[in-house]
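Chemist: using only what follows, build the 3D model:
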Amino acid sequence: MPAALVLVCVAGVAHAETRPRYGGTVEATLLGAPVTFDPTTVQTHADITVSDLVFDTLYRIGPSGLATPHLAAALPELDKTKVTITIRKGVVFHDGSKLTSADVVASLDRVRATSARWALAPIASLSAPNAETVELTLRAPVPDLPMLLALPLTAVTKGGKAPTAEKVIGTGPFAIEAFDRAKKRLRLKAFDDHFAGRPYLDSLVFGWYDSPDGEARRFETGATQVSARGTGAFAGAQPKFRAEDVEGPAALLVYVGFGKAHADVTGERAFRRALDQALAREALKTVTSGERVVPTREPVPVEAGGATPSQAVRNGDLAAAQAALAEAAKRVKSLAPDRLGQLRLDILVEDTRPDDREIAERVVRALDKLGIASAVIAEPAHVFRDRIAKGNADLWIGQLAVPVTNAWLWWAAAFAAGGDSWAMQQLANGSLDPTAAQKQFAAHLPIVPLMFRAVKFWHRTDVRGLVFDASGRPCFAEVHLFGEPTKSRGKP
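Modeler: Got it, this is the predicted structure:
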């Protein structure tokens, strides 16, 4: 991928004669409905995209994939297990109040009290000795603490409190102006006093869709300026304006998660292995809008040291899958040959991520090879999330996005996504060995990875500055309007 596409997502100042003007509105697409404005509970690409614009973290992922200071004024000062972080001066929240170290400590303490606590497992305690300093005590030395403190779920909220739909206060480059779940619209307004510089745009409007046709049609008629579907939905169609594209790294992991509706089945590791081996991942490469797709059996991309999938992984190994299912049947009565025909598993998908429905159909085919009936159930995003949280599902299609170059962080996030505490326990001791993680993951399969996909956006020619960082997050804080859009040939 061209290095120019991997940049830091912070507002900045453009240069000299090409300096863009401030102002204007851009309407773009989210890859699904945002479910939460609470950084500690962000999961999907849509959640992370919004959180990244409304809140700030102590560190940010830089061009090389390393964490660089953001709300923090510098890298941490380390003295064995004692860590001191100085907070940048002059940072204010959207309501004008000043950011202090107490906000940071309260925010990180809240992370440690939620399901996101795996990310801060190495931290034993936090304190704020003064308004500009945070002190951490670690359980053991951590090789890359700033990387953990760059994760979106560690973003700082006012007073460390959980935002609500009615009151979302961050320090980010944009503030939430209006959110209409029914109309699938989110409007953000520029925050003039953002410490890294005011965004060029006055406002950003995000939409999300329950069909690829709806999104592509709005883009092709010129109603939106940025699209995740491009111009490929309608054969022979000619968009009103010429489109250019930009693609991030293949850093969005799509996986199968396991619920508890049939806990005896989905909790059985041999069943999970059977599903894993029955999947023909190569077929997933057709589920695309033109972006790069990389089939995988591990939750670590090749760029971070993950294994290149073998031919058996790409095409599936039915004999091995059937053997694993036979092993599972010894312990799970409903998987026995004489009862298998009575079993039906539901696969949940979120209705505003239409590609996930097609991905789930590939899982249906894998289960069918094993003689297991299944059906794809589409739910609204908030219902989907609620059912998963309560375990009221059999299987579901999930997303995971972390810095693409960091293997141990991918392993940790994958275990956490599957509700497995093994990685968190390793991090609490100061490190996570990728080799040990690989072995443990293969034995437990907390999730079944399917593929890594890049995110690709098409945009009008007057939309400039749209790039991705090393985590695959779009840098909308840098977007600006420049000149006039170029009309497509044949248009008046």
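Chemist: who's in contact with the closest residue to S64 other than its chain neighbours?
Modeler: Leaving aside its sequence neighbours, S64 sits nearest to A470 (C-beta to C-beta, 6 or more residues apart in numbering; 7.3 Å). Just so you know, the C-beta spots here come from the backbone N, C-alpha and C atoms, and that holds for glycine as well. The contact partners of A470, by C-beta atoms under 8 Å, 6 or more residues apart in numbering, come to V6, I61, G62, P63, S64, G65, P249, A251, P403, V404, T405.
Chemist: of these, which belong to strands?
Modeler: Per DSSP state E, strands hold the following members of those: I61.
Chemist: for the contacts of A470, which single residue is the most surrounded?
Modeler: Each of the contacts of A470 was scored for neighbours by other C-beta atoms under 10 Å, and I61 scores highest at 29 neighbours.
Chemist: against L149, how distant is that one?
Modeler: As for I61, its distance to L149 is 11 Å (criterion: C-beta to C-beta, to the nearest Å).
Chemist: please apply the same query to P299.
Modeler: In this view, P299 and L149 are 21 Å apart by C-beta to C-beta.
Chemist: what sits against the residue nearest to E350 when sequence neighbours are not counted?
Modeler: Nearest residue to E350, sequence neighbours excluded (C-beta to C-beta, 6+ apart): F384, at 4.5 Å. Going by C-beta under 8 Å, 6+ apart, F384 touches V35, L348, V349, E350, D351, W396.
Chemist: next structured bit after the helix or strand where F384 lies?
Modeler: Assigned by DSSP states H and E, F384 belongs to helix 381-390. Going down the chain from helix 381-390, the next helix or strand is strand 395-401, by DSSP H and E.
Chemist: please tell me how far the residue of the chain positioned farthest from its centre sits from G371.
Modeler: Relative to the centre of the chain, and counting by C-alpha atoms, centre = their mean, the farthest-placed residue is D338 at 41.3 Å. From D338 across to G371, the span is 11 Å (C-beta to C-beta).
Chemist: what count of nearby residues applies to V376?
Modeler: 18.
Chemist: so who does the closest residue to it other than its chain neighbours touch?
Modeler: With C-beta to C-beta, 6+ apart as the criterion, V376 has its nearest non-adjacent residue at 4.4 Å, and that residue is A360. A360 is in contact with I347, V349, V376, I397, counting by C-beta under 8 Å, 6+ apart.
Chemist: please, where are all the strands along the stretch 251-400 of the chain?
Modeler: 252-258, 293-295, 344-350, 373-379, 395-401 (DSSP state E, counting those that start in this stretch).
Chemist: isn't N429 up against V142?
Modeler: No. At 10.1 Å, N429 does not count as touching V142 under the criterion of C-beta atoms under 8 Å.
Chemist: compare the two (neighbour count), which wins?
Modeler: Ranked by neighbour count (other C-beta under 10 Å), N429 and V142 place V142 first, with 21 against 11.
Chemist: can you get me a residue count around the nearest residue to that one once chain neighbours are set aside?
Modeler: Nearest non-adjacent residue to V142, counting by C-beta to C-beta, 6+ apart: P122, 4.6 Å away. Number of residues near P122 (other C-beta under 10 Å) recorded here: 25.
Chemist: need the per-residue pLDDT for P122.
Modeler: Listed pLDDT for P122 reads 93.
Chemist: ok, now A470?
Modeler: 78.
Chemist: hmm, back to that, ok, the residue nearest to E350 to G398 distance?
Modeler: For F384, the distance to G398 (C-beta to C-beta) stands at 10 Å.
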